[in-house]
Every structure is written in structure tokens, then in C-alpha cells.
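Novice: I need the structure of the sequence given here:
(2 chains)
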Amino acid sequence: MAAKTGSSRAVVTLPADTQIQITREFDAPRHLVYRAWTTPELITRWWAGDRGEVTSIEVDLRPGGKWRYAMRANPGFEVAFHGEHLEVVENERVVRTEIFEMAPDAEAVSTTTFTESGGKTTVTILVQHTSKEHRDAHLNSGMEDGLQEAMDHLEQVIASLR
Amino acid sequence: MPRVPTTADAFNAVAEPRRRQILDLLAARERAVGDLAALLGVTQPLVSKHLRVLREVGLVEVRDDGRRRLYRLDGRPLKPIHDWVKGYEQTWSERFDQLDVVLAELSEQEQQDGSQDRQ
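Specialist: Numbering: from 1, shown residues only, chains lettered A, B, ... in the order given. Okay, here's the model as predicted:
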């Protein structure tokens, strides 16, 4: 197996007051990244990150099809997102609505694109909110564990990968 | 509808591009309103308005220097913003680290399947 060249970091930018963009490169061809991204049994293995256990993943991958992801977060409460697929282009692009169930008024539209270059695949997620307030609340949703604790977790994950 | 300039917190204060320019200029050194207006090519009242917002959230301090009032940056309120975006980034980094493991398995599986097909 090739030596792992250190996991690249997710890069989060705020292109506009109502947007969040997340970018990350993966060392795999895009049809595999797309499969891992859209297949429930595979999503179950990565979506909770280091923050808890995935409890349910439903994906009806076609325009008009619904999706719902749920996980039990570390402090013991369930966190769930759901929405509807708007556009599905295999191996290229998935556009869907996203509702965080603890803030059901804030419906966002996310566009995930997969681009391959030299055997590596870049995933870009652009999340479009309807207001800056909703965008800001969405960003805050990642903060429940606190930054320092998250850093500690990450160090453990990296150590375990070596 | 143009957004009402909000003074609620540093997050809103730096959401405005012109205010970020002012912060950049003040990061270099303290300056008077007229100095900022000339550098930005805008009117003094406009700069004063932005400075008021920045002062209210503690990003800018002012002191009297004879007849002039000099403004300078206090970056401390920016730290939560930095941490805030970094925290969100952290969530995704954790997910993606797990996804790396899944992808390594899928790649290996595909290579095995490929070599079986050729047999």
C-alpha cells in the first residue's frame, strides 16, 4: 500500500454572506468518491466523523427523492438533517435541499461537485442559505464540542491512521 | 434591500467589505479618519460611520492626539470568528478523515475485482 501522504485538510471559506464552501481533495478516482458519498452503507461509515454514531442514513438518489442523515452525537443527543434531491448527475454533481432538524426554518441548498485530476478527486460543497443569520447558525452547528476538544480528537485520529 | 449595518457583534462588523479594508489599514498602524478616507477614496462621514460600528464591537480603539483622533485595531474580538470557522472546518475534516479510510478500501476492492476479471 502506498504511504499515506498525510490527510489533507478540509478548507472552509465564506464566498458570500449567505454561503459556505467546503473543499477537500481525496486520493481516489471520482467514481469511488461519488460511490462513498451517495451509498447509505458507506455514508454510515464516515458522516459522523469523530463526533458520535450514525443511527440512520436514507438516500433516494434521484431528482425529487428524499434523503435523511441522523447521528447520535457524543453528548447523547440525536442530530439529523434531511432534504430533497434537486439534481443528480452521476459522478459529477448532486444538488439538494438541506434542513437541520433543530432549526427547521433554515432550508439551504447544497451543490456538491466532484472533479478528478491525476487520479485524485476534489469535492466542493457550496451551501447556499437564504439569509446570513441562517448561514451563521449553520456554521455554529459544528461547534458543540468546542474547538480544543475537537483538536484533541483529530490528533488521535491522525495518530491511529499512521 | 440593503442590509442594515448591524452592531451586534464582531461577526457582523467584519461582514462588510469596506470595514474589512479599514481593519486592514489599521492593522498596519493607527490612523486618523481623514487618513483612512483618503486611502480608501471615500468620504469622511462614511469612514466615521464604519468606525463607529467597529468601535461598538471593540475592534477599534480611539485616542486623542492633540486635535486629531487616532484609531487603532484591537484584534481580540476577531479570535472567536477564527475559532468559529475553524471549528466547522474541524467537523468536516473529521468526516473526511473517515472517508479516506472508506475510499482506500474501495480502491483496494476495485483493484482486486479488476484482477479477477482479467483471469
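Novice: got any ranges where chain B has weak pLDDT?
Specialist: Within chain B, the stretches with pLDDT under 70 are B:1-9, B:11, B:80-84, B:116-119.
Novice: Equivalent analysis for chain A, please.
Specialist: Residue ranges of chain A with pLDDT under 70: A:1-7, A:74-76, A:141-162.
Novice: Show me where it has its strands.
Specialist: For chain A, strands defined by DSSP state E occupy the ranges A:11-13, A:19-26, A:52-59, A:66-73, A:78-89, A:93-100, A:107-117, A:120-128.
Novice: Take the ones you listed and lay them out in a markdown table including mean neighbour count.
Specialist: Where you see a C-beta, it was placed from the backbone N, CA and C, and this is true even at glycine. Listed next are those as a markdown table, based on neighbours: other CB atoms under 10 Å in any protein chain shown:
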| stretch | mean neighbour count |
| --- | --- |
| strand A:11-13 | 16 |
| strand A:19-26 | 20 |
| strand A:52-59 | 15 |
| strand A:66-73 | 18 |
| strand A:78-89 | 16 |
| strand A:93-100 | 18 |
| strand A:107-117 | 17 |
| strand A:120-128 | 18 |
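Novice: Including distance to chain B, could those go into TSV?
Specialist: What follows is the strands of chain A, written out as TSV (distance: least, CB to the nearest CB, whole Å):
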stretch	distance to chain B
strand A:11-13	4
strand A:19-26	5
strand A:52-59	10
strand A:66-73	11
strand A:78-89	11
strand A:93-100	13
strand A:107-117	12
strand A:120-128	8
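Novice: Would you mind giving these as a markdown table with distance to B:Pro45 added?
Specialist: Output for the strands of chain A, formatted as a markdown table (distance: least, CB to CB, whole Å):
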| stretch | distance to B:Pro45 |
| --- | --- |
| strand A:11-13 | 33 |
| strand A:19-26 | 31 |
| strand A:52-59 | 52 |
| strand A:66-73 | 49 |
| strand A:78-89 | 45 |
| strand A:93-100 | 41 |
| strand A:107-117 | 37 |
| strand A:120-128 | 35 |
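Novice: and the helix or strand where B:Lys49 lies, anywhere near chain A?
Specialist: In this structure, B:Lys49 sits in helix B:44-56 according to DSSP states H and E. No: Helix B:44-56 lies out of reach of chain A by CB under 8 Å from any CB of the partner chain, never closer than 15.3 Å.
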